[in-house]
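Chemist: Sequence and predicted structure are below.
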Amino acid sequence: MARYLRNPLNVAGGLLVLLAVAAAVLAPQIATHDPMRIVISDRLQPPSLEHLFGTDVYGRDVFSRVIYGSRISIRIAVIASLLAFTGGVAIGMLAGLAGGRTDFLLMRAADVLLAFPGLLLAIGISAALGTGETSIMLALWFVYTPRYARLARAASMQVKELDFVDAARALGSRPMRVAWHHVGPNVISPLVIQASVYFSEMILAEAALSFLGLGAPPPTPSWGNILSEGREFMRLAPWISIFPGLFILFSVLGVNLLGDGMRDTLDPRKG
């Protein structure tokens, strides 16, 4: 912890992530208005003490909608990350430790998915499944699982050749015990750091899919659909798009800084 706190950028990244999570968890306490309440008489009001981020075309408070939108955006990214991480690590370790035909079949399937641009594949899957949070979660899980699988396979193939793994096999440890107790802990550590990069990508992907109308249906707020609603009023009321865009920017920046700090802190070559 002392090594992590030594770098101001690491501290800044941790604080940005903490603020984003706090906004999502404490949204009912932080929001100043009902995010879905329509007040036509207050439409397109600029930022003020009454409406900190102004109002949209329906008179809804943009600050409250952005705060509540963080719940959807972060929840989708967290759940999709956990699903992709768990599935990808399991598939990658199986391929790396089993080798042979199992490795060939699993990795060729992963190559097929990796051949498609991630966002285009996510759009296709979301469009096929229909709009909503669940479809975006499944799409991101489908897109990022092969990426984790590739990384886990490479790490497993490297670790399984080390002496302590050979010693465990010589002592009669079963393959599952070798994978769970010896290979797994040494594979997951570097993948956790890479997960921060993929997590920030998932935040951007969720915003992009919601912007295209594939996310939570209106009037439910998410950062992406708030941006989409404000694009027609960029000249008249730019604050509708500016503030959710800033929340996306600082959340992604915070996650990336946090990941860089974790990588530097856990690197044994750096004191």
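Modeler: Thanks, I have the structure now. Residues are numbered from 1 along each chain as shown.

Chemist: residue contacts, Gly87?
Modeler: Counting by Cβ atoms under 8 Å, 6 or more residues apart in numbering, Gly87 makes contact with 141, 145, 148-149. (C-beta placed from N, C-alpha, C; glycine too.)

Chemist: ditto for Tyr144
Modeler: For Tyr144, the contacting residues are 80-81, 84, 88, 118, 198, 201-202, by Cβ under 8 Å, 6+ apart.

Chemist: Show me where the stretch 151-271 of the chain dips below the pLDDT cut-off.
Modeler: For the stretch 151-271 of the chain, the stretches flagged by pLDDT under 70 are 166, 173, 175, 179, 181-182, 266-271.

Chemist: Would you mind checking which of the contacts of Gly87 is nearest to Val39?
Modeler: Nearest to Val39 among these is Trp141, at 38.5 Å by Cβ to Cβ.

Chemist: which one is the closest one nearest to, not counting chain neighbours?
Modeler: Nearest non-adjacent residue to Trp141, counting by Cβ to Cβ, 6 or more residues apart in numbering: Leu83, 4.3 Å away.

Chemist: For that neighbour, identify the helix or strand it belongs to.
Modeler: With elements taken from DSSP states H and E, the one containing Leu83 is helix 62-98.

Chemist: next structured bit after that helix?
Modeler: Following helix 62-98 toward the C-terminus (DSSP H and E): helix 100-114.

Chemist: what does that next one contact?
Modeler: Under the criterion Cβ under 8 Å, 6+ apart, residues 91, 94-96, 121, 142-143, 145-147, 149-150, 153 lie in contact with helix 100-114.

Chemist: okay, among these, which ones form the most distant pair?
Modeler: It's Gly96 and Leu121 that sit farthest apart of these, by Cβ to Cβ, at 24.1 Å.

Chemist: And these two? Which one has more around it.
Modeler: The residue with more neighbours, out of Gly96 and Leu121, is Gly96; 25 against 17, by other Cβ atoms under 10 Å.

Chemist: isn't the more buried one right up against Leu151?
Modeler: No: using Cβ atoms under 8 Å, Gly96 makes no contact with Leu151, being 10.2 Å away.

Chemist: if we can go back for a sec, kindly reformat the contacts of Tyr144 as TSV containing distance to Ser64.
Modeler: As requested, these are exported to TSV (distance: Cβ to Cβ, whole Å):
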residue	distance to Ser64
Ala80	25
Ser81	26
Ala84	31
Gly88	36
Gly118	32
Tyr198	30
Glu201	27
Met202	24
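
Chemist: quick one, phi psi at the nearest residue to Leu258 once chain neighbours are set aside?
Modeler: Nearest residue to Leu258, sequence neighbours excluded (Cβ to Cβ, 6+ apart): Gly13, at 4.1 Å. Dihedral angles phi and psi of Gly13 (degrees, to the nearest 10) take the values phi -60, psi -40.

Chemist: Let's see the pLDDT reported for the residue lying closest to Met202 once chain neighbours are set aside.
Modeler: With Cβ to Cβ, 6+ apart as the criterion, Met202 has its nearest non-adjacent residue at 4.2 Å, and that residue is Ala77. We have a pLDDT of 90 for Ala77.

Chemist: From Ser189, how far off is Ala77?
Modeler: Distance of Ala77 to Ser189, given as Cβ to Cβ, to the nearest Å: 21 Å.

Chemist: In terms of packing, which of those two has more residues around it?
Modeler: Ala77 (25 against 11).

Chemist: How about the contacts made by that one?
Modeler: Contacts of Ala77 (Cβ under 8 Å, 6+ apart): 140, 199, 202-203, 206.

Chemist: Dump these to JSON lines, plus distance to Arg71, secondary structure and neighbour count.
Modeler: JSON lines is the format used below for these (distance: Cβ to Cβ, whole Å; DSSP: H, G, I helix; E, B strand; the rest coil; neighbours: other Cβ atoms under 10 Å):
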{"residue": "Leu140", "distance to Arg71": "17", "secondary structure": "helix", "neighbour count": "28"}
{"residue": "Phe199", "distance to Arg71": "16", "secondary structure": "helix", "neighbour count": "25"}
{"residue": "Met202", "distance to Arg71": "15", "secondary structure": "helix", "neighbour count": "30"}
{"residue": "Ile203", "distance to Arg71": "13", "secondary structure": "helix", "neighbour count": "23"}
{"residue": "Glu206", "distance to Arg71": "12", "secondary structure": "helix", "neighbour count": "30"}
